[in-house]
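S.K.: Next one to model:
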Amino acid sequence: MLPHLSIGKRGFKTKFDLIKVVQLIIKRLKTGCQWRELSLKEYFLDQKISWQSIYYYFNKWSKDGSFKNVWINLLSKNKKSLDMSCVQLDGSHTRCRLAGEAVGYQGRKKSKTTNIIFLCDNQGQMLAMGSPKSGTNHDLFEIDDVLNEILQLLEESDISHQGLFLNADAGFDSDDFRNLLEKNEIIANIKVNTRNSSSVDNDYYFDPKLYKRRFKIEKANAWIDSFKSLLIRFETSAINWINLHYIAFTVIFIKKMKV
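M.R.: Numbers count the residues shown, from 1 in each chain. Now for the predicted structure:
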């Protein structure tokens, strides 16, 4: 990770071991503890460092896109480890304890939530995600922008999306979304929403056997939930919330694929 994290070219040079800083950021992500509760002395025996300094680096690397660059480079160099025979798309709501960006009340969960659309491969490895949306919105809200964000990340990772088979549940069943996928040369395998008369009338092709692979996105979300900081959102900044996920993607990929 370290080679892709930005380091200031001017001004003072940090005296802290950035590897240990990254380890503490990952520890906070994994345990879900507050920043002020990080066990700093365990990592910095001979130096005094505050939790604010750890958060400073996390915030800095989040805002300048460093964590995203880490993920893009990791994907690009190890794309042969992925199974792109079909990909899975799904949205996931996370409860929010604080007000913040992209937060809204979600009636089904009876709480404030934030929603993110994820894409994973046929092994359950997360690939990309859209920007967080308020929990008041459904999965198809601003789906054009969300899909563009996902495809842009794949493109930056040198992963072609043309010809991909994409599984999605009935929440994504709309003529506009199907046309958008077709425009991007992606083959949609979306479960028909029986309440959507347009889809029923059009008699869209649906492969139930291929659709069974959609359980991989549920498995991928379970891996994400193993990071306690991602179970409940306390981050008020959408950028920081996104980058916690990029770190989780990276850790899971390295561990699972033995990169």
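
S.K.: how about the helices of the chain, start to end?
M.R.: 18-31, 40-43, 51-63, 66-77, 143-156, 175-183, 197-202, 208-211, 215-225, 238-257 (DSSP state H).

S.K.: Surely Leu98 is in contact with Ile232?
M.R.: No: contact criterion Cβ atoms under 8 Å: Leu98 and Ile232 do not qualify, at 9.8 Å. Just so you know, the C-beta spots here come from the backbone N, C-alpha and C atoms, and that holds for glycine as well.

S.K.: So what's the gap between stretch 190-209 and the chain middle?
M.R.: Here the centre of mass of C-alpha atoms in stretch 190-209, compared against the chain's by Cα atoms, centre = their mean, to the nearest Å, lies 28 Å away.

S.K.: In it, which residues are buried?
M.R.: Buried residues in stretch 190-209, counting neighbours by 16 or more other Cβ atoms under 10 Å, are found at 190-191, 193, 199, 204.

S.K.: which residues touch it?
M.R.: With Cβ atoms under 8 Å, 6 or more residues apart in numbering as the test, stretch 190-209 has contacts from 166-175, 177-178, 188-189, 211.

S.K.: low-confidence ranges in the stretch 151-259 of the chain?
M.R.: Applying pLDDT under 70 to the stretch 151-259 of the chain flags the ranges 197-201, 258-259.

S.K.: try it again with 90
M.R.: 193-205, 256-259 (pLDDT under 90).

S.K.: Ok, the stretch 1-150 of the chain next?
M.R.: Those would be 1-17, 43, 45-47, 98-100, 106-111, 135, 137-138, if you go by pLDDT under 90 across the stretch 1-150 of the chain.

S.K.: OK, contacts around Val103?
M.R.: 96, 112-114, 134-135, 233.

S.K.: how about 6 Å then?
M.R.: By Cβ atoms under 6 Å, 6 or more residues apart in numbering, Val103 lies in contact with 96, 112, 114.

S.K.: Select from those the one having the most neighbours.
M.R.: Most neighbours among those, by other Cβ atoms under 10 Å: Cys96, with 25 neighbours.

S.K.: sorry, back to before: out of the buried residues of stretch 190-209, who's nearest Leu2?
M.R.: Using Cβ to Cβ, Ile190 is the member of those that lies nearest Leu2, at 40.7 Å.

S.K.: Any idea what that closest one is bridged to?
M.R.: On the basis of DSSP bridges, Ile190 is bridged to Ala168.

S.K.: what about Asn196, distance to His93?
M.R.: 21 Å (Cβ to Cβ, to the nearest Å).

S.K.: What of Ile239?
M.R.: Counting by Cβ to Cβ - Ile239 and His93 are separated by 19 Å.
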